[in-house]
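Peer 1: What would the 3D arrangement of this be:
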Amino acid sequence: MKKYLMFVSLPYAYPIMRPLQREIRRRGDDVAWFIEEGCPDQLAEGERRLATIAEVMEYDPIAVFAPGNHVPDFFPGVKVQLFHGYPINKRNDRHDDHFTVRGWFDIYCTQGPTSTGPFREQERRYGYFRVYETGWTKADDYFSPEMQAPPHNARPVVLYSTTFTRSLTSTPYLADEIERLVAERDWEWIFMFHPKLDDRAVIDRYARIAAAHDNVTFLGSTFDFGALRRADVLLCDSSSIILEFMFLDRPVVTFRNSHPGPYLIDVQRPEEVGPALERALARPEELMREIRAYTMRHEPHRDGRCSARVLDAVNDFLARGRAGLKRRPLNLVRRIKLRRRMGYPLLKGLF
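Peer 2: The predicted structure is shown next:
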């Protein structure tokens, strides 16, 4: 029986790795989770948590999966990067942070043409990891029959979800307008924020709006597939959840998006949000065509087998070993910082 470890540093990791857990168990193998200190424990019944580093060492996984930017180098097993989103370049920088290689991983499991090409270039440049185009594990849930079924709501449902980046988040600017629309339009609303959004005053403002109106559901920072499945339209700013929502063949309205395109209805002023949502709910055919073309470039793998391809990639890597690969960089400063944070001996196995 093969053993695999899920490394969780932020709550967004749970829905990314649960499809992978299902595939591991379907193959008759074993899976456990390690949750970094400070991250909420959102494990469900029947999911196994390893509480200490000693337990991880005893468990001895053949691979460790992480959607975040780091993974403990001292954990046993091949280190596999799954990614926490798609390369949408939300800051509109010349260099997209999605493609930063930090020296932690042996395998990068890319999603589609927009991510595979740049990582192939990095693979050739650095030479110490392998790139496999597998599709995103979370996409296995998006392209399930249940998620792809269109919603049948008695009245339109608007999902409001935002980025956490202070320079990009729409939350401070749209509160008044959203409160007005909540009161005046015959729509249902769902508020679901990024787990890294840390402006407590803003979050509390939206919680008060929800408490005052029975047509608003406040989810806080809890990611809920059911919210995406119910919603007819997404209101957002610059977040990779835009692309995830579009996988359901539904339109998105954005406020001051950092990288707008014909697949979005982007507005610059709060008072434009209501008319934009009305247009989105009409599902203009040209807009829907642009959405379908845009999402296909990011995620062409829609067969529900992305998680299976990730495990196949691990098997291939283990079968080939590190033949032809360079040594991973020492990455000394980052490794020492992580060891200190996790309470692991600073020099043990470092060289």
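Peer 1: where do the helices sit along the stretch 251-351 of the chain?
Peer 2: Listed from the start of the chain, the stretch 251-351 of the chain has helices (DSSP state H, counting those that start in this stretch) covering 273-281, 285-298, 306-320, 332-342.
Peer 1: what do you get for the chain?
Peer 2: Counting by DSSP state H, the chain has these helices, from start to end: 13-26, 53-59, 113-126, 139-142, 145-148, 171-184, 200-212, 225-230, 241-246, 273-281, 285-298, 306-320, 332-342.
Peer 1: Kindly state the beta-bridge partners for the closest residue to residue 41 other than its chain neighbours.
Peer 2: Across the structure, with CB to CB, 6 or more residues apart in numbering as the measure, the residue nearest residue 41 apart from its sequence neighbours is residue 35 (5.5 Å). All C-beta spots, glycine's among them, are computed from the backbone N, C-alpha and C. Note on residue 35: beta-bridge partners residue 8, judged by DSSP bridges.
Peer 1: pLDDT at residue 35, what is it?
Peer 2: In the predicted model, residue 35 carries a pLDDT score of 98.
Peer 1: now residue 83
Peer 2: The confidence metric pLDDT takes the value 93 at residue 83.
Peer 1: cool, and residue 88?
Peer 2: The predicted structure scores residue 88 at 67 on the pLDDT scale.
Peer 1: Same question for residue 95.
Peer 2: Note for residue 95: predicted pLDDT of 50.
Peer 1: Now residue 179: closest residue in space that isn't a chain neighbour?
Peer 2: Counting by CB to CB, 6+ apart, residue 179 lies nearest to residue 209, which is 5.1 Å off, once chain neighbours are set aside.
Peer 1: From one end of stretch 28-47 to the other, what's the distance?
Peer 2: Distance between the boundary residues of stretch 28-47 (CA to CA, to the nearest Å) amounts to 15 Å.
Peer 1: buried stuff in it?
Peer 2: Buried residues in stretch 28-47, defined by neighbour count with 16 or more other CB atoms under 10 Å: 31, 32, 33, 34, 35, 36.
Peer 1: Could I have the CA atoms of stretch 239-247 written out in CSV?
Peer 2: Only the C-alpha atoms of stretch 239-247 are listed here, as CSV (Å, rounded to 0.1, in the frame of the first residue of the first chain):
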residue,chain,number,x,y,z
SER,A,239,-9.0,36.6,-8.2
SER,A,240,-8.4,33.2,-9.7
ILE,A,241,-11.9,32.2,-8.5
ILE,A,242,-13.1,34.1,-11.6
LEU,A,243,-11.7,31.4,-13.8
GLU,A,244,-13.0,28.6,-11.6
PHE,A,245,-16.5,30.1,-11.7
MET,A,246,-16.3,30.4,-15.5
PHE,A,247,-15.7,26.6,-15.7
